Every structure is written in C-alpha cells, then in structure tokens.
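Engineer: Okay, predicted coordinates and the sequence, questions at the end:
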Amino acid sequence: MIVKQIWTANSYRNFNYLIACPETGEALAIDPLDHEKCLRAAKDAGWTITQVLNTHEHRDHTGGNDAVVRATGAKILAHKNAKDKIPGMARGLGAGDVIKVGRTVELEALDTPGHTMSHVCLLSHTEQPALFCGDTLFNAGAGNCHNGGHPTELYNTFAQQLAKLPPQTLIYPGHDYIENNLRFTLDREPDNAAAARMLARLSGQDPNRAYVSTLAVETEVNTFFRLTSPTVIATLREAFPDLPENPDPKTVFLKLRELRNKW
Ligand SMILES: [Zn+2]
C-alpha cells in the first residue's frame, strides 16, 4: 500500500489522500477536494484513480467528486446513510465492509458517528495499520459536532473504537490542525511535556511534509484521549466547579468538547 498525503493549502487546511496498489497502480482518492492536485499527483505517479471515498458528507470533503469522476470514471463510496447527501454514490458502506484497491490493498470501513452521523474511517489491513479518519480524530484533537453531529456519539466512537486500535496505528486526518490543537492540549494540561516538545518541534511545519502521528502518540498529546489525567480534570474543574470528584471519562470528554468550541 502506498499512501500519498496531499496538502490543499486552502483556508480549511484540508488534507486529501491517494492510496495506491503498488502492483496494479490502481488508486483510491479520499475526500479529493483539490481535484487538480489529486489528479496531477496520480498522473505523476502513473496511477489510475478507480474509487473516490468520502469520509462524510461535508462539502469540503465532497466538493471535488464531480471533477474526479469526470476525469477518471471513478466510483464514489461513502457511509450508507449518506446516500441522500452525496450525489452519485455507487456503494454505501457499513461497519466491517472491505474496500479493495488493486490486488494488494484492503481497507476496512469503520462506522464512526459523532462529527456527522454518516461518517466512516478507513483502517488498512497492513502490518502497521493506518487509519484515515476524516474529521473524527485530528492530530491532538477531535472533530466538532455542530454540523449534523453529536458529542455523545463522538465520545462513543473514541472510547469504543479508536482507543482500541493497535498503538502503532498511523493517523491520517482530514485537516492539518495540529498546531492549534497542541495549544489547546497545553491550555488544558500545562504540564504535558510531550505536547510542549511536539509544539516546539512542529510549529511552522511544512504541511507538504506533515508529521504523521500514531495512536500511541495521540494518547500522550491528545486531550480527548487523556480523560483521566489529574491535570485535565483539575483545570476542567476551574471551568466547571460542579464537576464531580471522580468524573467519568464521558463527562470529561463532553466538557472538553464544549470548551474547545469556545476556545
Ligand atoms: Zn466535516
């Protein structure tokens, strides 16, 4: 499996992806908003885009579909419940469905509601797994829920699915928000040395050669995986004095999501 991360350099800071089979040159494009960059990258590599995968229905993820389909005839795949929201869907995905790319690549669909209620992440069947997580999980952050999402569902997705993936899983999110998100982590957890080191190292990074984290790294620097940290709970209590003595992780997650919206 070959992964090409494509930085769009737009104001939403989207990342698009091409996933290619090294044997056949067939490729799947994830959320190819910047269709020109995606088509050019495929051409330069000698790949043929045969499938487009939308992680969810938001326009900054689906806006390149028409142009890519026109140029390549690719099939559009997305969550089965996105059928009424994404025009021209050829395949609706449910949890556990496998997408094949060429002869060698298998990607498993995870049903990951929260950012929207028809959001999929893709998990590669490779020795070191890779997770293409759209707007569910970001480097050092979590997706928002204010355009068709639900915070409780997002918590369930984090706790019941993402947190249980192998620690070495590579994380490929739909946007480059790492710098801002690390600042939020440090606002909530000023003594998080790993987040401070990472912010110093990545400030002003070139998103064309973006750092790729793993789930193990996220559990160190992503506030939304640090729901039992005494510092996270203590600073949360400053904002929410009614927080119980030993708050359950779900309560902490929901309060953090609420604070992040205003931050
Ligand atoms: Zn979105």
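Structural biologist: Great, that's in hand. Residues are numbered from 1 along each chain as shown.
Engineer: what's the top helix by length along the chain packed up against?
Structural biologist: As assigned by DSSP state H, the longest helix anywhere in the chain is helix 249-262. Secondary-structure packing of helix 249-262 (3 or more C-beta pairs under 8 Å, 6 or more residues apart in numbering; DSSP states H and E): strand 141-142, helix 151-160, helix 178-188, helix 230-239. For the C-beta atoms, the positions are set from N, CA and C on the backbone; glycine is no exception.
Engineer: Take those and lay them out in a markdown table including mean pLDDT.
Structural biologist: Converted to a markdown table, those look like this (pLDDT from 0 to 100):
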| stretch | mean pLDDT |
| --- | --- |
| strand 141-142 | 98 |
| helix 151-160 | 98 |
| helix 178-188 | 97 |
| helix 230-239 | 96 |
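Engineer: what's the closest of the ones you listed to residue 95?
Structural biologist: Ranking those by proximity to residue 95 (C-beta to C-beta) places helix 151-160 first, at 11.2 Å.
Engineer: and the angle for the closest one with helix 249-262?
Structural biologist: 120 degrees (axes from the mean of the first three to the mean of the last three C-alpha atoms, to 10 degrees).
Engineer: re the thing from before, output the helices and strands packed on helix 249-262 in JSON lines, with mean neighbour count appended to each entry.
Structural biologist: Shown next, in JSON lines, are these (neighbours: other C-beta atoms under 10 Å):
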{"stretch": "strand 141-142", "mean neighbour count": "24"}
{"stretch": "helix 151-160", "mean neighbour count": "19"}
{"stretch": "helix 178-188", "mean neighbour count": "20"}
{"stretch": "helix 230-239", "mean neighbour count": "15"}
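Engineer: Any chance of the ones you listed in JSON lines with distance to the ion as columns?
Structural biologist: As requested, the helices and strands packed on helix 249-262 are exported to JSON lines (distance: least, C-beta to the ion, whole Å):
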{"stretch": "strand 141-142", "distance to the ion": "12"}
{"stretch": "helix 151-160", "distance to the ion": "12"}
{"stretch": "helix 178-188", "distance to the ion": "15"}
{"stretch": "helix 230-239", "distance to the ion": "25"}
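Engineer: Skip ahead from whichever strand or helix holds residue 18 and say which helix or strand is next.
Structural biologist: Following DSSP states H and E, one finds residue 18 within strand 15-20. Going down the chain from strand 15-20, the next helix or strand is strand 26-30, by DSSP H and E.
Engineer: Can you work out which other helices and strands pack against that following strand?
Structural biologist: strand 15-20, helix 35-45, strand 48-53, strand 98-101.
Engineer: relative to strand 15-20, how tilted is it?
Structural biologist: 160 degrees.
Engineer: ok, strand 26-30: who's next to it in the sheet?
Structural biologist: Using DSSP bridges, strand 26-30 pairs in its sheet with strand 15-20 (antiparallel), strand 48-53 (parallel).
Engineer: could I get those as CSV with mean neighbour count?
Structural biologist: Listed next are those as CSV, based on neighbours: other C-beta under 10 Å:
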stretch, mean neighbour count
strand 15-20, 24
strand 48-53, 22
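Engineer: Any idea which of those strands gets closest to the ion?
Structural biologist: With respect to the ion, and counting by C-beta to the ion, the nearest of these is strand 15-20 at 12.4 Å.
Engineer: and of the helices and strands packed on helix 249-262, who's closest to residue 126?
Structural biologist: Nearest to residue 126, of the helices and strands packed on helix 249-262 and by C-beta to C-beta, is helix 151-160 at 21.8 Å.
Engineer: so who does residue 110 touch?
Structural biologist: By C-beta atoms under 8 Å, 6 or more residues apart in numbering, the contact list for residue 110 reads 95, 120, 121, 122, 123, 161.
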